[in-house]
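Engineer: Dropping the sequence and predicted coords here.
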Amino acid sequence: MRYKDLLTGFIRLHILHHASEHEIYGQWIMDELARHGYRLSPGTLYPLLNAMEQRGYLKSRKERHGRTARKLYRATGSGKKGLELAKSRLKEFIGEAMKE
Ligand SMILES: [Zn+2]
């Protein structure tokens, strides 16, 4: 993905936004991000989810589906707080950057 270094913050916020509303899993968030124009490979997404979990923004649980297990993620309290802070900063940024 081009400009990934600039866009990963938005990707993280998208993930947090959805994970604060309901449980998400890798393929679902990959499709959702693609809908918004972020095309991530599993090799990029899963390490990102892991890192966010290690930072305490997400927590996961495993759910069995026959022979395979799916990892479901939810935002933690700290993740939700970070999201709220980022949203207020984003609002300020939009006010500044989007005015003609
Ligand atoms: Zn979204």
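Structural biologist: Received the coordinates, thanks.
Engineer: how about residue 12, phi and psi?
Structural biologist: With angles defined as degrees, to the nearest 10, residue 12 shows backbone torsions of phi -60, psi -40.
Engineer: which phi and psi does the residue lying closest to it once chain neighbours are set aside have?
Structural biologist: The shortest distance from residue 12 to any residue other than its chain neighbours is 6.5 Å, reached at residue 52 (C-beta to C-beta, 6 or more residues apart in numbering). Bear in mind the C-beta positions are built from the backbone N, C-alpha and C, glycine included. With angles defined as degrees, to the nearest 10, residue 52 sits at phi -70, psi -30.
Engineer: got a list of what residue 52 touches?
Structural biologist: Residue 52 sits next to 12, 15, 16, 58, 79 when contact means C-beta atoms under 8 Å, 6 or more residues apart in numbering.
Engineer: which parts of this protein sit against the ion?
Structural biologist: Residues of the chain that fall close to the ion, judged by C-beta under 5 Å from the ion: 14, 32.
Engineer: low pLDDT regions in the chain?
Structural biologist: Scanning the chain for pLDDT under 70 picks out 100.
Engineer: which stretches of it form helices?
Structural biologist: If DSSP state H is used as the criterion, the helices of the chain fall at 4-21, 26-35, 42-54, 77-97.
Engineer: Could you identify which of those helices is most buried?
Structural biologist: Comparing the helices of the chain on average neighbours per residue, with mean count of other C-beta atoms under 10 Å, the densest one is helix 4-21 at a mean of 16.
Engineer: For that one, list the C-alpha coordinates in PDB.
Structural biologist: What follows is helix 4-21, C-alpha atoms only, in PDB (Å, rounded to 0.1, in the frame of the first residue of the first chain):
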ATOM      1  CA  LYS A   4       1.300   3.200   4.400                       C
ATOM      2  CA  ASP A   5       3.500   5.000   6.900                       C
ATOM      3  CA  LEU A   6       1.200   8.000   6.800                       C
ATOM      4  CA  LEU A   7      -2.000   6.100   6.800                       C
ATOM      5  CA  THR A   8      -1.500   3.500   9.500                       C
ATOM      6  CA  GLY A   9      -2.800   5.800  12.200                       C
ATOM      7  CA  PHE A  10      -6.100   6.000  10.300                       C
ATOM      8  CA  ILE A  11      -6.100   2.200   9.900                       C
ATOM      9  CA  ARG A  12      -5.600   1.800  13.600                       C
ATOM     10  CA  LEU A  13      -8.400   4.200  14.400                       C
ATOM     11  CA  HIS A  14     -10.800   2.400  12.000                       C
ATOM     12  CA  ILE A  15     -10.000  -0.900  13.700                       C
ATOM     13  CA  LEU A  16     -10.600   0.700  17.200                       C
ATOM     14  CA  HIS A  17     -13.800   2.300  16.000                       C
ATOM     15  CA  HIS A  18     -15.300  -1.000  14.800                       C
ATOM     16  CA  ALA A  19     -13.800  -3.000  17.700                       C
ATOM     17  CA  SER A  20     -15.500  -0.700  20.200                       C
ATOM     18  CA  GLU A  21     -18.900  -1.300  18.500                       C
END
